[in-house]
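**Q** take this sequence and fold it.
(2 chains)
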Amino acid sequence: MQIDQKTMEQIISLVLKQIAGQTGGLADATAKNDNMSEHTFCEGYLPAKKSTNPKEVVIGVGPAFQSKIQHTINGLNLSEVLKNIKAGIEEEDMIPRVIKIQKTSDLCFMALEGAKLSGSGIGIGVQSKGTAVIHQKDLYPLSNLELFPQAPLMTLELYRAIGKNAAKYAKGEKVTPIMGKNDPMVRAKYQVKAALMHIKETEQINPDLPYIEWR
Amino acid sequence: MLIAGVDIGNSTTEVCIAQVKGEQRIEFLSSASRMTTGTKGTVENVAGIRAALEDAMLILHLPVSALQVIRINEATPVIGATAMETISETIITESSMIGHDPSTPAGFGQAAGTLLSIENLKEGKAATPYIVTATEEYTYEEIAGLLNQAEEKIDVVGLILQADEAVLVWNRLNKKIPVVDEVRYLKAIPENKRAAIEVAMAGQSIRMLSNPYGIATLFHLSGEETKQVTPIAKSLIGKRSAVIVQTPHGKVKETILPAGELYIRSDRIHTVPIDAGAEKIMEVMRSAGEIHDISGQEDTNIGRMLSQIKSGMGTLTGETNDMIEIKDILAVDTFASVPVSGALAGETCMEKAVGIAAMVKTRQLPMQRIAQELQNQLGVSVQVAGVEAVMATLGALTTPGTMLPIAILDLGGGSTDAAILDEAGKVTYIHQAGAGELVSMLIQTELGLKSRTTAELIKRHPLAKVESLFHMRLENGAMRFLNEPMEPKYFGSVILLQPEGFIKIEEDLPMEKIALVRREAKRKVFVTNTIRALSAIAKDNNLRNLSNIVLVGGSAEDYEIPEMLMEEFANYKIVCGRGNIRASEGPRNAVATGLVLSFLEEGIHRTAGGISADR
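**A** From the prediction side, this is the model:
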């Protein structure tokens, strides 16, 4: 079969069109997302399956993570957050996998669902506003291995440490819980912002969508 | 008539109630035990005694006033104390080594080369092997990028990082080299010096740098130089990764600290330096004969410790310091984890130390005051009766299967007491320093635990490693499964199996190591001490003249000490085992039982004696 320059160009443009139709909302979420149907959001992403690799730790992120929301409540870039958690896991010789949980904005369920898909049974939940938790598949939803409830006090070093600890849980090693920070004024200072961010995330929930492999 | 025996111990107060039927018959009705209130031998004990008596009488549905006689023991006026003294120290002069256990070094193998910081990577010459250092200002991506770029130009054979990013960098390197990370004081490493680096394979420890000839091979050392690096090699044994920097004058030396001297006074004064080690101290103790007093050199740890024990005992009995004498000590060789001075990564080194338990004897504890107070409060006649060791022997004889001559070992917290009752009814006894508390101290120092309480708990309970929320591996290798998931805080931890639940050990220590240290500590103290005690009182000082040994006291309830002693004494063909007082009480309640039994011998007609009952 002969393929000349022109046919080639035609094929490419057709393919590009199709790709744009599928993932346009994602590629530049801020620009096109508003007129995108939420239902097509996961297209172009692989549905997340339960893994059998015992070296794997899943990071379950919220529905608005890196799509509607780009920064945590105290301004940390979510891609930096994710990078540090992954680095923490990798340094412990384990494998990170990120899954977007679109059925819930509840931190514990997000983490538990991630843990259930994780090969090691350990999952980390991260809400878009930055709150994080380390979970294990056999625990009750509202239980956890380690919880970091005050998002405004989080730092990138802390996210790195979370990844590291989660990996250690997965390895079955002795884990020293991360020293918690607490500031009683945080609640008063950030309550409104936290509520707004949570609402924004909750609005993105779509129970019909599958869990997807996030970038 | 109803009588009660009361034994006030260091930690528990035990009572038993019996009915005396005629001249020769006694029927035991109930027993109880409570925590001792206050220090043994003080009037504060009365509260604990009353509580224990009430518990025991409640079983019989009788008021305490139904008792006719209460007999309390003439508590042995001994008090134990423990201390530890480090006797060696490792000092690194100039930065010449790093040996530590970062949890995740990367790559494996060893390499030698010239030190070069990552800033100066461009200055590296071709055909020279380099070991590159990188501070935490560089991210793992930058470090890997720079090294991959320079790959063609210079020969990098090893990498030392300040941040905990060894695996992250290694995963991104094209050429795989050993990487050591978490070197806290990286800036102290000099540049342009020769260095050697080694990372062990997972689950192993380094082999090249912990071997003097290995270091000699990497650095091309002469025989004389190799001799000098021996302490370096020694201090790197068991590490997962290490770096040695060759500096012209760099030295690692092990110095012996001036640890003070012990003065043992018998017929003459024997002087032993503490740093001679436990064996030497105990040898002098053995050869010294009857010891009148032991003191330590002034202004040293040992001196302060011994005088503290004396003044503590003095406050208790109201005697002056010079009336109180230290009659016995037990010295045990141990190790303590001490930070290495001049270290670059916060390394610690196991240094030699000596653990010491001392025992004080005073004239007498104020038991009469306790008796008087108890009598005033209860309105029941109270007698102070008998020597504790004799009472314990009498009580121990109620263990089924015992016969004369019988030896008892009272394994307590502060002291190990032994007594022998021969066929003629003669009792010989001895009190010796060193028991449960010394074991706790050894466990604490050897494991580097923050609190003594943790060490106490480790001593008492077996270990398990929680492997999932539903199962754990016990220290004997068995698996235990649970029906309900356990609390998430235990996940992955080493825990202690207490009857009431689990206790998590906060320190990051492998289960096997904890178990080993615990067993060794018990063996060092109890096996050594019981043999020492029994040899001292056995006929002709020969253990083979004993036939029965009954273990009583708190530490006899331990889950492994009796087995250890049993094994040891089996070599001498001696029947040795945990007592079972009155076939029902286990190793507890021996003294209280003995007190009641001795009542018969002293005769009922003496009841009105003792402290005259004024009701």
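
**Q** just the buried positions in stretch B:197-206, please.
**A** Buried residues in stretch B:197-206, counted by 16 or more other Cβ atoms under 10 Å in any protein chain shown: B:Ile197, B:Glu198, B:Val199, B:Ala200, B:Ser205, B:Ile206. Placement of C-beta: from N, CA and C, glycine included.

**Q** of those residues, closest to B:His471?
**A** Nearest to B:His471 out of the buried residues of stretch B:197-206 is B:Ser205 (Cβ to Cβ; 29.2 Å).

**Q** interface residues of the stretch 501-615 of chain B facing chain A?
**A** The stretch 501-615 of chain B comes close to chain A at residues B:Glu506, B:Asp508, B:Leu509, as judged by Cβ under 8 Å from any Cβ of the partner chain.

**Q** which SS state does the last one fall under?
**A** With DSSP: H, G, I helix; E, B strand; the rest coil as the basis, B:Leu509 sits in coil.

**Q** and it, how far from B:Glu446?
**A** From B:Leu509 across to B:Glu446, the span is 10 Å (Cβ to Cβ, to the nearest Å).

**Q** gap between B:Leu29 and B:Arg184?
**A** With Cβ to Cβ as the criterion, B:Leu29 and B:Arg184 are 66 Å apart.

**Q** helices of chain A, start to end?
**A** Ranges of helices within chain A are A:5-27, A:29-32, A:78-91, A:107-117, A:156-171, A:185-203, based on DSSP state H.

**Q** of all those helices, which one is nearest B:Gly48?
**A** Going by Cβ to Cβ, the one of the helices of chain A nearest B:Gly48 is helix A:156-171, 45.2 Å.

**Q** so does the closest one get close to chain B?
**A** Yes - on the criterion Cβ under 8 Å from any Cβ, helix A:156-171 is in touch with chain B at A:Lys164, A:Lys168, A:Tyr169.

**Q** which residues sit in contact with the nearest residue to B:Gly238 once chain neighbours are set aside?
**A** Once flanking residues are discounted, B:Gly238 sits nearest to B:Ser205: 4.9 Å by Cβ to Cβ, 6 or more residues apart in numbering or on different chains. For B:Ser205, the contact set (Cβ atoms under 8 Å, 6 or more residues apart in numbering or on different chains) comprises B:Ile237, B:Gly238, B:Lys239, B:Arg240.

**Q** which stretches of the stretch 351-500 of chain B form strands?
**A** B:381-387, B:406-411, B:415-421, B:427-433, B:463-466, B:471-474, B:479-481, B:494-498 (DSSP state E, counting those that start in this stretch).

**Q** circling back to that earlier point, more crowded one of B:Leu509 and B:Glu446?
**A** The neighbour count for B:Leu509 versus B:Glu446, taken as other Cβ atoms under 10 Å in any protein chain shown, is higher for B:Glu446 (24 against 16).

**Q** ok, B:Asp55 to chain A distance?
**A** B:Asp55 sits 40 Å away from chain A, taking Cβ to the nearest Cβ, to the nearest Å as the criterion.

**Q** count the neighbours of that residue for me.
**A** For B:Asp55, using other Cβ under 10 Å, the count is 15.

**Q** residues contacting the residue most central in space within chain A?
**A** Among the residues of chain A, the one closest to the centroid is A:Val61, at 2.2 Å (Cα atoms, centre = their mean). With contact set as Cβ under 8 Å, 6+ apart, A:Val61 has these partners: A:Leu82, A:Val98, A:Ile99, A:Lys100, A:Ile101, A:Met110, A:Gly125, A:Val126, A:Ser128, A:Trp214.

**Q** what subset of the residues of helix A:156-171 next to chain B is buried?
**A** By 16+ other Cβ under 10 Å, the residues of helix A:156-171 next to chain B give A:Lys164, A:Lys168, A:Tyr169 as buried.

**Q** now the nearest residue to the first one once chain neighbours are set aside: how far from B:Arg369?
**A** In other words, A:Lys164. Spatial nearest neighbour of A:Lys164, excluding adjacent residues (Cβ to Cβ, 6+ apart): A:Gly88 at 3.9 Å. In this structure, A:Gly88 and B:Arg369 are 64 Å apart, going by Cβ to Cβ.
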